[in-house]
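Colleague: I need the structure of the sequence given here:
(one chain, ligands or ions: 1)
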Amino acid sequence: MNDITFFQRFESDILAGRKTITIRDESEAHFEPGQILRVGRYEDDGYFCTIKVLSVTPTLLSVLTDEHARQENMTLEVLRDVINDIYPGVTQLYVIAFEVVSA
Ligand SMILES: CC(=O)Nc1cc[nH]c(=O)n1
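Modeller: Prediction:
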C-alpha cells in the first residue's frame, strides 16, 4: 500500500533528484516533516520509491515562484498550468519538500 502517488510522467524526475517538491491541495496537507512515505504511480499505484518529507508549507497559487518551478523541474508558466489542471479553482496549496531515501 502506497502513501502518496505521483503521475507517471514525474517518476524519472523524482528518481533523478530533479523534482524535490510536490504541490498539493488540502486533502494531502496532513503529511509531516520526518514522515517516510511509500510512493506509487497514480495510474497503476505501482510502487517506485520511498521518500522522506522535509517540510510542508502552505502557499497560494498566486505566489508560486521561479524557485518552486525550479524545484519541480519546469517553468513557472508550466507549473501554474499543471496545478490549474490538477486542482481547478483551488488557490490554497501546500508545498511538500522531500528527498528520495530508497528506490
Ligand atoms: C497524483 C497527483 O495528484 N500528483 C501530483 C499532484 C501535484 N503535484 C505532483 O507533483 N503530483
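Colleague: What helix or strand is the nearest residue to Ala103 once chain neighbours are set aside located in?
Modeller: Excluding the flanking residues, the one nearest Ala103 by CB to CB, 6 or more residues apart in numbering is Cys49, at 4.0 Å. (Glycine included, C-beta is placed from N, CA and C.) Using DSSP states H and E, Cys49 falls within strand 47-60.
Colleague: how about the helices in this protein?
Modeller: Assigned by DSSP state H, the chain shows helices spanning 11-15, 66-72, 76-86.
Colleague: can the ones you listed go into JSON lines with extra columns for distance to Thr57, mean pLDDT and mean neighbour count?
Modeller: Below are these laid out as JSON lines (distance: least, CB to CB, whole Å; pLDDT from 0 to 100; neighbours: other CB atoms under 10 Å):
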{"stretch": "helix 11-15", "distance to Thr57": "19", "mean pLDDT": "98", "mean neighbour count": "16"}
{"stretch": "helix 66-72", "distance to Thr57": "10", "mean pLDDT": "98", "mean neighbour count": "16"}
{"stretch": "helix 76-86", "distance to Thr57": "15", "mean pLDDT": "98", "mean neighbour count": "14"}
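Colleague: so how far is Leu64 from Ile23?
Modeller: According to CB to CB, to the nearest Å, Ile23 stands 8 Å off from Leu64.
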